[in-house]
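*Asks:* What shape does this take:
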Amino acid sequence: MTLVGIIILAGGLCAAVSQAIGGAFSDRFGRRPILLISSLISIFLYSGLSALIGISAPVWAIAIVYIAGRSMLTITRPVISAMVADFTSKDRLTEAYGILRIGLNIGWAAGPAIGGYLATFLPYYWLFGIAALTCGFIFPIILFFIHEPSHGVVKGIGFRSMLPTADDRIFIAFVGLSLLLFIIMGQLTSTLSIFAVDMVGFSTAQYGLLLTLNGLIIAFFQYPITIALRRLAKFRALILASLLYGFGYLSLGWITKFGWALGAMAMITAGEIIHVPVTLSLIGELSPQDQRGRYMGLYGLSETAGIALGPLLGGVLLDTFPFNAKLVWAPIASIALVAAILYGWWARRFHS
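*Replies:* Down below sits the predicted model:
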């Protein structure tokens, strides 16, 4: 499991850097051109990945193309987040990012289901060919239906220009402490899967139901909860999200029955529902309009790096304490509780 975590970490770090690059380039050249280029290159990369798997190419070659394809797609994440802020008034940013989150989770839930169905009658390598066709379908949609909110205002692109000014201590501190919750988020599909199946003894289908519950809760409750968050200060919402994450993961250490696991997942998902749109809304508020892409890019770098670090941490804990669930989940939960404290400190220090 530790080795798997290292592989995921390598891919995650590449994807993290690509977000910083994509955000900065969208400030320089505009949002729409970056989306078009990314979808076009993704067509070729996923076509190549399909071909490599089809001919049983060496694992290293498949891994390189996979990481490149993943990085190319993640380039678009800060661009899309910046576009939402470009088109939305500040008082409705949380609501807008909540709606975006619903769309992402519908895709999250539908993707594995469609892939699993296609795998029943298609060779495995064809799945990546279909991914290439999907990118080909997206390209004309961007070309003909997406309007350009930003035509580029930054004159040059260099390594230093990809990062917000170091003087923006409010933003830098926020991104740094948010990394803690991203590490927690990284446990959902890696550490939890091994724990649920190998340590607790749930079936693979039961673990799949846990993820399905996650997607369904987000699809049905993201928007009404986001609307309710208007009455709550953002830093208080982030503290609440951290506590829900912490107690949700901590409760996994005492899980023996599947019903309790569903309850823990519901608590974890509630934290996710609050955390994701509120953090994006805060980044949208903190970022200058002409640097919004790079702010979203650096935030995305932190998110992807944290989610990639999560499986490594979880893998080490699973390997170290293979028979003690409490010692696996207590350290993970403590990170979320520390984040809750630090969000309160950030609000008092920078954003009161």
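*Asks:* contacts, neighbours, all on C-alpha from now
*Replies:* Fine.
*Asks:* can you give me the helices in this structure?
*Replies:* Assigned by DSSP state H, the chain shows helices spanning 2-29, 31-54, 59-74, 76-87, 93-119, 124-145, 169-185, 191-194, 204-228, 234-251, 258-286, 292-320, 325-349.
*Asks:* Just send these back as CSV, with mean pLDDT and mean neighbour count too.
*Replies:* Output for the helices of the chain, formatted as CSV (pLDDT from 0 to 100; neighbours: other CA atoms under 10 Å):
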stretch, mean pLDDT, mean neighbour count
helix 2-29, 75, 23
helix 31-54, 89, 20
helix 59-74, 83, 18
helix 76-87, 88, 23
helix 93-119, 79, 17
helix 124-145, 83, 16
helix 169-185, 88, 20
helix 191-194, 88, 20
helix 204-228, 86, 17
helix 234-251, 93, 24
helix 258-286, 91, 21
helix 292-320, 86, 25
helix 325-349, 91, 19
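*Asks:* roughly how far apart are the residue located most distally from the centre of the chain and Y125?
*Replies:* Relative to the mean C-alpha coordinate of the chain, counting by CA atoms, centre = their mean, the farthest residue is I55 (31.6 Å). To Y125, I55 is 9 Å away according to CA to CA, to the nearest Å.
*Asks:* D198 now?
*Replies:* Applying CA to CA to D198 and Y125 gives a distance of 28 Å.
*Asks:* Kindly report the same for F145.
*Replies:* 31 Å.
*Asks:* What lies in contact with stretch 342-352?
*Replies:* I170, A173, F174, L177, F235, R236, L238, I239 (CA atoms under 8 Å, 6 or more residues apart in numbering).
*Asks:* Same question for stretch 212-222.
*Replies:* Counting by CA under 8 Å, 6+ apart, 98-99, 101-102, 105-106, 108-109, 262, 265-266, 269, 273 sit against stretch 212-222.
*Asks:* Mind picking the two most distant members of those?
*Replies:* For the contacts of stretch 212-222, the farthest-apart pair by CA to CA is I99 and L262; their separation is 24.3 Å.
*Asks:* With distance to L73 as added columns, please give the contacts of stretch 212-222 in TSV.
*Replies:* What follows is the contacts of stretch 212-222, written out as TSV (distance: CA to CA, whole Å):
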residue	distance to L73
G98	21
I99	20
R101	17
I102	19
N105	16
I106	17
W108	14
A109	18
L262	31
M265	28
A266	29
T269	25
I273	23
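*Asks:* of those, closest to G69?
*Replies:* Of the contacts of stretch 212-222, the one sitting nearest to G69 (CA to CA) turns out to be W108, at 17.3 Å.
*Asks:* Can you give the distance of stretch 71-84 from its chain's centre?
*Replies:* 11 Å (CA atoms, centre = their mean, to the nearest Å).
*Asks:* ok, I138 touching S39?
*Replies:* Yes: counting by CA atoms under 8 Å, I138 touches S39, with 7.0 Å between them.
*Asks:* which neighbours do those two share?
*Replies:* Common neighbours of I138 and S39 (CA under 8 Å, 6+ apart) do not exist.
*Asks:* contacting residues for the closest residue to W126 other than its chain neighbours?
*Replies:* Spatial nearest neighbour of W126, excluding adjacent residues (CA to CA, 6 or more residues apart in numbering): S50 at 6.2 Å. Taking CA under 8 Å, 6+ apart as the criterion, S50 is in contact with Y125, W126, L127, F128, G129.
*Asks:* Please name the residues that touch the nearest residue to A237 once chain neighbours are set aside.
*Replies:* Closest residue to A237 apart from its sequence neighbours, by CA to CA, 6+ apart: I274 at 6.6 Å. Shown in contact with I274 (CA under 8 Å, 6+ apart): I225, T226, L229, A237, L238, A241.
*Asks:* Now the two most distant members of the residues you listed.
*Replies:* Largest pairwise distance in those, by CA to CA, is 13.4 Å, between I225 and L238.
*Asks:* just checking, A96 touches T88?
*Replies:* Yes: with contact defined as CA under 8 Å, A96 counts as touching T88 (7.3 Å).
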